[in-house]
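S.K.: Pasted the sequence and its predicted model underneath.
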Amino acid sequence: MAAKPGLLVFTNLYPLPWQPGRATFNYQQYQALAEYYDIEFLVPVDFRAWFRYLPMLLRGGRRLGVCYFPFFYIPGVLRGLNSFFLAMSVILCVKPLLRLRRAQTVLASFAYPDGVACAWLQPLGRYRLFIQ
């Protein structure tokens, strides 16, 4: 049997260890895609929630193939810069950047800020980018 092609899904719409019922529709879509692709996830998490629930992540709230990372931004103002802040968060956290550099195909599940940030980072990884 041939190996499935890899797909990196960049999404903020994914269940979190402290919110397992979050984004269930998206989760079902990804489970259907997993029949055809070997999927990994990059999930930006609001930095305030990241630091609040970090002990839960360290105790084993991580999922196989899922990389949660903090999304640093200025809450309530300068929302037009969220894609810039998201791209900078990927670079600062390093692990998501390494996964993007290794990826051949990336699916950004939301146009803004996820899709725009992935488009800005595309020269660093040279992946095919699809924005849902």
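M.R.: Right, received. Where do you want to start?

S.K.: Touching, residue 99 and residue 67? I think so.
M.R.: Yes: using C-beta atoms under 8 Å, residue 99 is in contact with residue 67, at 6.0 Å. (C-beta placed from N, C-alpha, C; glycine too.)

S.K.: Which neighbours do these two have in common?
M.R.: Listed contacts common to residue 99 and residue 67 are 40, 42; contacts here mean C-beta atoms under 8 Å, 6 or more residues apart in numbering.

S.K.: and the residue nearest to residue 101 when sequence neighbours are not counted, how many neighbours does it have?
M.R.: Nearest residue to residue 101, sequence neighbours excluded (C-beta to C-beta, 6 or more residues apart in numbering): residue 125, at 4.6 Å. Counted with other C-beta atoms under 10 Å, the neighbours of residue 125 add up to 19.

S.K.: tell me the mean pLDDT for the longest helix seen in the chain?
M.R.: Criterion DSSP state H: the longest helix present in the chain is helix 82-93. What helix 82-93 shows for mean pLDDT is 95.

S.K.: before we move on, back to that, what residues are up against the residue nearest to residue 101?
M.R.: Listed by C-beta under 8 Å, 6+ apart, the contact partners of residue 125 are 100-103, 106.

S.K.: distance between the ends of stretch 119-132?
M.R.: For stretch 119-132, the first-to-last residue distance is 13 Å (C-alpha to C-alpha, to the nearest Å).

S.K.: buried stuff in that stretch?
M.R.: Neighbour-count burial for stretch 119-132 flags 119-121, 125, 127, 129, 131 (criterion: 16 or more other C-beta atoms under 10 Å).

S.K.: ranges for the strands of this protein?
M.R.: In the chain, the strands defined using DSSP state E lie at 6-10, 38-46, 66-71, 105-108, 128-131.

S.K.: Which pLDDT does the model give the residue nearest to residue 101?
M.R.: For residue 125, pLDDT reads 89.

S.K.: how close does it sit to residue 15?
M.R.: Residue 125 is 25 Å from residue 15, where distance means C-beta to C-beta, to the nearest Å.

S.K.: same check, this time on residue 52
M.R.: For residue 52, the distance to residue 15 equals 17 Å [C-beta to C-beta].

S.K.: No more questions from me, cheers.
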